[in-house]
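Q: Dropping the sequence and predicted coords here.
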Amino acid sequence: MSNSFIFRLFRLIILLVVQVLILNHLHLLGYATPLIIGYMLTCFRSGTSRISLLLWGFVTGVLFDMFTNTSGIGAASCTLLAMIQPSLLQLFIPRDAPDEFEPTLANMGPGRFFSYILIAMFVLHAAFYFLDAFSLSDWLLTLVAIFGGSVLSAVIILFVELLTRRKIR
C-alpha cells in the first residue's frame with residue numbers, strides 16, 4: 001500500500017467521524033447541514049485516474065450512507081462530485097501548474113481555492129438535497145438548505161485547510 005492511499009483512508013475516517021458525530025447535528029436556520037465529506041473528493045491531484053476518483057467517491061458516499069441512514073443519496077452525490085472533480089479543478093488550476101497539481105490553499109491561493117471548494121460543495125449539496133426531497137413542492141426550503149449548507153461547508157473546509165496547511169503564498 002502506498003502512503004497516499006493510507007493518508008486518504010485516514011482522511012476519510014476523520015472526515016466521516018466529524019461529519020457523523022458533529023456536523024449532522026448542526027442545522028443552519030433549521031435546514032442547512034454542512035456536508036464536509038465532499039472535502040475528501042476535492043483533495044485529489046489533477047492527474048488522478050477517473051476510475052480511482054469514482055471508486056473513492058462511491059466508497060465515501062456508501063460509508064456516509066451507512067452511518068447516516070440516507071439510503072444511497074450520499075453515494076449518488078459523492079459519485080457525482082467525483083465524476084466532475086477533474087473538470088472543475090481544470091477551471092481553477094493556474095496556467096503554469098505542473099501535471100500533478102494538488103488543490104490546496106497554498107497552491108491555488110485563497111480566492112481560487114475558496115471558489116473551487118464553494119462550487120464543489122454546491123454540486124454535492126444540490127445533488128444531495130434534490131435527491132432527498134425528490135420533489136419541487138418545498139423548493140424554497142431546498143434552495144435554502146443547498147446554499148446554506150454549501151457556504152457553511154466551504155467556510156469549514158477553508159478553516160480546516162488553514163489549520164492543516166502551514167505555508168500560504
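A: Happy to help now that I have it. Residues are numbered from 1 along each chain as shown.

Q: looking at this, Ala120 is in a helix?
A: Yes: judged by DSSP: H, G, I helix; E, B strand; the rest coil, Ala120 forms part of a helix.

Q: Do you know the pLDDT at it?
A: Here the pLDDT value assigned to Ala120 is 97.

Q: For Gln90, see how far away it is.
A: Here the criterion is CB to CB, to the nearest Å. By it, Ala120 lies 13 Å from Gln90. To be clear about C-beta, it is placed using only N, CA and C from the backbone, and glycine gets the same treatment.

Q: Looking at the two, which is more packed in?
A: More neighbours surround Ala120 than the other of Ala120 and Gln90, with 25 against 11 (other CB atoms under 10 Å).

Q: Next up, the contacts around the more buried one.
A: Gly38, Leu41, Thr42, Leu81, Gln85, Leu88 (CB atoms under 8 Å, 6 or more residues apart in numbering).

Q: Give me the residue ranges of this protein where confidence is low.
A: Within the chain, the stretches with pLDDT under 70 are 1, 166-169.

Q: which residues does the residue nearest to the spatial centre of it contact?
A: Centroid-nearest residue in the chain: Gly38, 1.9 Å away (criterion: CA atoms, centre = their mean). Applying CB under 8 Å, 6+ apart to Gly38 gives the contacts Ser77, Cys78, Leu81, Ala120, Met121, Leu124, Ser153.

Q: Next, the buried residues of stretch 136-148.
A: By neighbour count with 16 or more other CB atoms under 10 Å, stretch 136-148 contains the buried residues Thr142, Val144, Ala145, Ile146, Phe147, Gly148.

Q: What count of nearby residues applies to Ser46?
A: Using other CB under 10 Å, Ser46 is surrounded by 16 other residues.

Q: Could you name the helices and strands sitting against the helix ranked longest in the chain?
A: Longest helix of the chain, by residue count under DSSP state H: helix 139-164. Where contact means 3 or more CB pairs under 8 Å, 6 or more residues apart in numbering; DSSP states H and E, helix 139-164 is packed against helix 39-42, helix 105-108, helix 110-133.

Q: Many thanks, I have nothing further to ask.
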